[in-house]
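A.B. asks: structural data only, the sequence is not supplied:
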């Protein structure tokens, strides 16, 4: 009893000091007024939020959303079949594959981004191969494009898509697929009516944990994207560290947090509908 | 029931990795019969079902359904349906959608689907559960949905894989009865796989007893129970007492004099024996007679002592050790004249049987 209470209080304290307080500070900062000398001053104002709608920032916002969404889609298209295959492997091989998937995390992601720069640059590995094999005459512009950003984000985030999907495929009983084909469903019908609906929790979870970090990985856009391909994370970083407009940066942060909260809520709802507590009732198959 | 085979397995072989499951296996199932494949776990019975359903490729041989070679037809195009051991209901669909699945895949139009699903659910008494999800159903109800989902497609053959094994005893007996009635009503060929001999005896028209991928005997429940062809079948189907004996002389057509435990007895057998042949004389526990008259030494049959007695309600089951060390089991029904009849442990008795009730087969080399 004593230890239990101690553990709960310690956890609450930890969460309060290191999670709740910073968030409260961010929200508070977002409604204050910027000041060159003191960073932020009173009075409270909603002006930073109003500025979010300025065309310049709205464009960055949509661009960021687009890059993240594209990354998520590519991760899903690559990760889904990959996870499916992994889930079917014999335990030993599967362990090896999952291990290899996680190995890159042992290297700092900033360093890995620099490595990508070496691969994608004008004198990088890809272009040297292309030119060397005579496929193109001049190096292809790969670095500092939207492509490079999406490539980098996909590379960084693919494992986050694969892991929840593997978990979903693990839960998918082989007998259900046999039942589907027994009842006359071909591969695509099985896929549409049985496999996809039952792995949907994994799809949604994977998309969330790819999409949300993708919007914040400013160093990937910094190193690979050039000036045009900014992520929300870049804007926030710039507002805090370069422009020193803390309230505006905070307003961006709060918006991002709000967006994440919304998506998590949708995930929760969708998951509840798919799993057990009633679900997909109206549309049937 | 017509007398034409609906399903024929011809010289079928199947192995997994290096393990051989079936080798040159033949099987013929008649149209409209309730056919049971009975065997211990690992005997290959589920594999046979999976080969017929199309879930596993064959390593050799052919499968014919209704005269058509379906060996290389994928599962979704075979006119057979399976009731899975684990039910395998789609958890994200309602009972209605589960049952409608096969019809939708066959592009039956929506109105017909509604009618046929309602009919199938009515048949398994689940009409009110159409909008439920599988997780809201009990085990027995899931079982019924699985059956409805299969029969609604009017398959030529319905495959049932240990379909009742997950149910408790009482529900199971009820479902056995319902399955049998359903099969008669639908006039569909059922192939039922089980390791439960009681289940097999009570439901089947014919039983195949399978061991280590080999057919041990095919026959009606009565043939299998009363005239097992070998020791495996005899011992797998219910309990049986085996007396080893030796033919001493032929007394007449299928009548022999045999020496059993140093006693000479006349026996009857469908087999041909010559003097000197070793035989197994087999008797079901209910065919043994116990003589416990107390006038010493004058008991009929083989002398022995009662080791254990069990009261089961319907019968008194006694374990008796004969003088040569063999133990035998006898089941005796209670007699209205003597409701209190019972034995004492260690009581001296004689074990005998009605002449002609024995089943005699050649002894097997072990």
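C.D. replies: Yes, it's here. The structure presented is a predicted model; accordingly, all values stated were derived computationally and were not measured.

A.B. asks: these two touch, right, residue B:130 and residue B:121?
C.D. replies: Yes. Contact status for residue B:130 versus residue B:121: in contact at 6.0 Å, counting by C-beta atoms under 8 Å. From N, CA and C alone the C-beta is placed, and that goes for glycine too.

A.B. asks: so what sits against both of those two?
C.D. replies: B:95, B:96 (C-beta atoms under 8 Å, 6 or more residues apart in numbering or on different chains).

A.B. asks: so for these two, which residue has more residues nearby?
C.D. replies: For residue B:130 versus residue B:121, neighbours defined as other C-beta atoms under 10 Å in any protein chain shown are more numerous around residue B:121 (22 against 18).

A.B. asks: and the end-to-end length of stretch B:192-204?
C.D. replies: With C-alpha to C-alpha, to the nearest Å as the measure, stretch B:192-204 spans 8 Å from end to end.

A.B. asks: now do the buried residues in it.
C.D. replies: By neighbour count on 16 or more other C-beta atoms under 10 Å in any protein chain shown, the buried set for stretch B:192-204 is B:192, B:193, B:194, B:195, B:197, B:199, B:200, B:201, B:203, B:204.

A.B. asks: which stretches of the stretch 1-150 of chain A have low pLDDT?
C.D. replies: Applying pLDDT under 70 to the stretch 1-150 of chain A flags residues A:1.

A.B. asks: and which of the buried residues of stretch B:192-204 is nearest chain A?
C.D. replies: residue B:193 (14.6 Å; C-beta to the nearest C-beta).

A.B. asks: okay, and the beta partners of that closest one?
C.D. replies: Residue B:193 has these beta-bridge partners by DSSP bridges: residue B:37, residue B:161.

A.B. asks: tell me the pLDDT of it.
C.D. replies: For residue B:193, the pLDDT comes out at 94.

A.B. asks: wait, it touches residue B:45, no?
C.D. replies: Yes. Counting by C-beta under 8 Å, residue B:193 does reach residue B:45; the two are 4.7 Å apart.

A.B. asks: shared neighbours of those two, which are they?
C.D. replies: Here residue B:193 and residue B:45 have residue B:37 as joint contacts, going by C-beta under 8 Å, 6+ apart.

A.B. asks: what's in contact with stretch B:23-36?
C.D. replies: B:1-13, B:44, B:48, B:61, B:157, B:180, B:183, B:187-194, B:199-200, B:203-208, B:213-215.

A.B. asks: taking these one by one, which sit in helices?
C.D. replies: B:48, B:180, B:183, B:199, B:200, B:203 (DSSP state H).

A.B. asks: nearest to residue A:9, of the residues you listed?
C.D. replies: Among the ones in helices among the contacts of stretch B:23-36, residue B:199 lies closest to residue A:9 (C-beta to C-beta), at 58.8 Å.

A.B. asks: any idea how far the residue of the stretch 1-150 of chain A found nearest chain B is from residue A:103?
C.D. replies: Proximity of the stretch 1-150 of chain A to chain B (C-beta to the nearest C-beta) peaks at residue A:90, 11.5 Å away. Plainly put, residue A:90 is 20 Å away from residue A:103 if you go by C-beta to C-beta, to the nearest Å.

A.B. asks: looking at those two now, which is surrounded by more residues?
C.D. replies: Ranked by neighbour count (other C-beta under 10 Å), residue A:90 and residue A:103 place residue A:103 first, with 10 against 7.

A.B. asks: contacts only, for residue A:173.
C.D. replies: Going by C-beta under 8 Å, 6+ apart, residue A:173 touches B:86, B:88.

A.B. asks: centroid-nearest residue for chain A?
C.D. replies: residue A:210 (2.3 Å; C-alpha atoms, centre = their mean).

A.B. asks: tell me which helix or strand that one sits in.
C.D. replies: Assigned by DSSP states H and E, residue A:210 belongs to helix A:196-216.

A.B. asks: quick one: buried residues of that helix?
C.D. replies: Neighbour-count burial for helix A:196-216 flags A:197-216 (criterion: 16+ other C-beta under 10 Å).

A.B. asks: next SSE downstream of whatever helix or strand residue A:151 lives in?
C.D. replies: Secondary structure from DSSP H and E places residue A:151 in helix A:146-171. Later in the chain than helix A:146-171, the nearest helix or strand by DSSP H and E is helix A:174-182.

A.B. asks: in terms of secondary structure, what does that following helix contact?
C.D. replies: Applying 3 or more C-beta pairs under 8 Å, 6 or more residues apart in numbering or on different chains; DSSP states H and E, one finds that helix A:174-182 makes contact with helix A:187-190, strand B:80-83.

A.B. asks: please identify the most buried of these.
C.D. replies: strand B:80-83 (a mean of 27; mean count of other C-beta atoms under 10 Å in any protein chain shown).

A.B. asks: mind giving me the packing neighbours of that one?
C.D. replies: Judged by 3+ C-beta pairs under 8 Å, 6+ apart, strand B:80-83 is in contact with helix A:174-182, helix B:45-53, helix B:139-151, strand B:157-161.

A.B. asks: let's go with 7 Å and repeat that
C.D. replies: helix B:45-53, helix B:139-151, strand B:157-161 (3 or more C-beta pairs under 7 Å, 6 or more residues apart in numbering or on different chains; DSSP states H and E).

A.B. asks: wait, what's in contact with the residue most central in space within chain B?
C.D. replies: With distances taken as C-alpha atoms, centre = their mean, the residue of chain B nearest its centroid is residue B:200 (3.0 Å). Contacts for residue B:200 (C-beta atoms under 7 Å, 6 or more residues apart in numbering or on different chains) come out as B:36, B:38, B:194, B:207.
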